[in-house]
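J.: this is a predicted model, with the sequence first.
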Amino acid sequence: MAILNNIRPLLVGARIFGCTPHRLTDRELIITKFGLVYSLFIAAIIGCICIFDFYINVYHTIEFKMRLLIFVRSCLYYISILTDGVITMIWNGFLNIIVSRIYNFDYATKYNQNSNHKMINACKFIIIIVLAYWTIVGYFTYLCEESDFIFNAIAYSVVNVTMSMQIMKFIGLLLILYQRFNYLDQMILQSHFKKGLTVIVYPERGNMNLQEICWLHYLLVTASEEINSVYSTQLFFWITISFLNGLSRIYTLTTMQAEQKLYLVIRDSFSVVACALNLFAISAFSHFTAARANNIRKSTFAPQASMRMKKNFDNFEIMAYFYLKKLHFTAAAGLIRVDLPLLLSIIGAITTYLVILH
């Protein structure tokens with residue numbers, strides 16, 4: 001079954017930039033020696049960029065508030081990039097368990113076993129857009145910097161592309177889960193799906209019962225929670241980095257002199273847009289995946305589904321399960337809830353800090 005094939009371009013893009021030291025198969029992530037060596041090589045390059053970046057951009061920044069923002073932002077950038085590779089290697093077995101849960105769902109429900117070429121092409125297009133976007137930003141960095149412009153342009157592009165690939169990899173996993181939750185929701189509500197599950201239902205019996213819906217829902221929700229636990233730290237880094245980067249760029253745009261270079265304005269404007277897109281993508285995919293998972297309860301106990309499936313509502317354990325088993329994505333071990341309302345909190349925080357900084 002082509003579980004990972006549909007997001008293969010995102011995983012390959014992440015691997016090229018050292019975020020995923022794996023050999024990719026249809027439904028397994030295998031760490032290879034070459035992948036480890038390559039990831040260590042990329043980590044060494046990122047480390048060197050980090051040291052030079054601190055010296056050039058932090059040490060030479062005169063204003064204290066701007067220096068502090070750049071210092072914190074740069075630290076989080078490089079810690080996040082290096083942490084992603086470490087987490088991926090440490091939790092590799094855990095990631096394979098997650099993929100196996102999705103495989104069990106696909107096998108049980110006879111989910112589409114062929115690759116989705118539209119989705120694959122969309123992933124390729126996104127990779128091209130990300131590379132082109134940060135290449136353009138790197139070019140404007142080259143034009144606006146007064147010294148060390150080549151290093152700054154390369155560092156700016158490489159670091160931001162790497163973090164974007166990390167985020168795209170996470171979003172790809174969420175997209176896989178969203179598709180399965182949506183498929184399960186449609187199976188419950190509609191009658192034109194194939195009758196019977198491959199694993200736990202006798203095909204001749206017909207529609208699913210509560211226990212079977214509960215089992216399928218449990219597979220996907222557990223996989224989602226496990227992905228969240230693996231990426232909890234990274235989600236915190238991505239959200240914090242995008243917040244600080246957007247804050248520092250907006251602060252620069254609102255305090256710069258009128259005679260300063262147009263290229264600097266364009267570069268920082270591009271950066272603000274990228275931060276906004278990163279925050280929106282993380283929040284939106286997390287929000288809608290969780291919402292689709294939690295909607296299964298409503299579909300399961302909807303009148304039309306209840307009449308067609310003739311479910312036994314005396315099973316209070318199943319009803320309690322659907323009431324209690326709610327999916328929410330969080331960052332920093334539950335400290336931050338990742339959903340669309342988070343964007344409003346971030347906008348409010350940026351506004352508040354801009355007032356304080358001015």
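T.: Thanks, I have the structure now.

J.: pull the number of nearby residues for the spatially closest residue to residue 275 that is not a sequence neighbour.
T.: Spatially, and ignoring its direct neighbours in sequence, residue 275 is nearest to residue 246 (3.8 Å; C-beta to C-beta, 6 or more residues apart in numbering). The way it works is simple: take the backbone N, C-alpha and C, and place the C-beta from them, glycine included. If you count neighbours by other C-beta atoms under 10 Å, residue 246 ends up with 23.

J.: pLDDT of the helix or strand residue 246 falls within, averaged?
T.: Assigned by DSSP states H and E, residue 246 belongs to helix 210-255. Helix 210-255 shows a mean pLDDT of 90.

J.: distance between it and the chain's centre?
T.: Centroid separation for helix 210-255 versus its chain: 6 Å, with C-alpha atoms, centre = their mean, to the nearest Å.

J.: that one - contacts with which helices or strands?
T.: helix 64-90, helix 92-109, helix 149-189, helix 262-300, helix 316-324, strand 330-331, strand 336-337, helix 341-357 (3 or more C-beta pairs under 8 Å, 6 or more residues apart in numbering; DSSP states H and E).

J.: still on that earlier bit, who touches the residue nearest to residue 275 in this structure?
T.: Applying C-beta atoms under 8 Å, 6 or more residues apart in numbering to residue 246 gives the contacts 271, 272, 275, 276, 279, 350.

J.: could you check how far residue 44 is from residue 51?
T.: Residue 44 sits 11 Å away from residue 51, going by C-beta to C-beta, to the nearest Å.

J.: how many residues are close by the closest residue to residue 340 other than its chain neighbours?
T.: Spatial nearest neighbour of residue 340, excluding adjacent residues (C-beta to C-beta, 6+ apart): residue 287 at 4.6 Å. A count of nearby residues for residue 287, using other C-beta under 10 Å, gives 19.

J.: same deal with the one 5 residues further on?
T.: Burial of residue 292 is recorded as 19 neighbouring residues (other C-beta under 10 Å).

J.: next up, the contacts around the closest residue to it other than its chain neighbours.
T.: Closest residue to residue 292 apart from its sequence neighbours, by C-beta to C-beta, 6+ apart: residue 181 at 4.2 Å. Going by C-beta under 8 Å, 6+ apart, residue 181 touches 220, 289, 292, 293, 295, 296.

J.: looking at pLDDT only, which of the contacts of residue 246 scores worst?
T.: residue 350 (90).

J.: surely that one touches residue 242?
T.: No: Residue 350 lies out of contact with residue 242 (C-beta atoms under 8 Å); the separation is 10.4 Å.
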